[in-house]
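*Asks:* Compute the structure for the input listed below.
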Amino acid sequence: MSVKSFVQHIEDNIYKRELIYRSILVTKNRKECSVLKRTLEMKDYTPIIIEQIDKKTNYNRIDNRIIIVCYDMFVNFIEHLDRQDGGILDSSFNFIAFSYTLDSQIIDELVTFYVEKTNNNANNT
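*Replies:* Purely as a prediction, here's the structure:
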């Protein structure tokens with residue numbers, strides 16, 4: 001599956017049907033981050049790639065509504081969000097998508113981490 005079909009699936013099934021305020025899109029590597037960012041920009045979205053977490057930045061308050069991270073940064077990014085304001089349960093992010101190119105075991109591990117972190121997904125992400 002391509003980045004283009006990944007974005008189209010998100011648009012058709014999430015952005016057009018659900019009230020999504022902020023998204024975290026998780027990719028396989030930096031190259032895919034860049035391709036995904038360009039694809040979203042061509043559709044008039046304003047994503048940002050997080051390559052390093054700035055501990056002073058409250059990502060809940062940045063102007064960009066779509067954050068793109070490589071899978072190996074996801075846990076640290078969620079931990080950082082959990083240290084902000086009211087924690088992860090008060091985060092402004094309400095959609096997480098995992099790239100089609102990610103191994104299913106990696107996705108399972110990240111989803112398990114997130115569900116445990118949020119007490120069985122109590123914030124309805």
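
*Asks:* Surely residue 53 and residue 75 touch.
*Replies:* No: the criterion here is CB atoms under 8 Å, and residue 53 misses it with residue 75 at 10.8 Å. Just so you know, the C-beta spots here come from the backbone N, C-alpha and C atoms, and that holds for glycine as well.

*Asks:* any idea how far residue 10 is from residue 47?
*Replies:* According to CB to CB, to the nearest Å, residue 47 stands 12 Å off from residue 10.

*Asks:* repeat for residue 29
*Replies:* 19 Å.

*Asks:* and what of residue 55?
*Replies:* Residue 55 is 29 Å from residue 10, by CB to CB.

*Asks:* So between the two, which is more surrounded?
*Replies:* Neighbour count, other CB atoms under 10 Å: between residue 55 and residue 10, residue 10 has more, with 19 against 7.

*Asks:* mean confidence score for stretch 41-58?
*Replies:* Here the mean pLDDT over stretch 41-58 is 94, rounded to a whole number.

*Asks:* so what's in contact with residue 47 and residue 10 at the same time?
*Replies:* Counting by CB atoms under 8 Å, 6 or more residues apart in numbering, the residues touching both residue 47 and residue 10 are residue 25.

*Asks:* Could I get the contacting residues of the spatially most central residue of the chain?
*Replies:* Centroid-nearest residue in the chain, with CA atoms, centre = their mean: residue 24, separated by 1.2 Å. The contact partners of residue 24, by CB under 8 Å, 6+ apart, come to 67, 68, 69, 74, 77, 93, 95, 96, 97.
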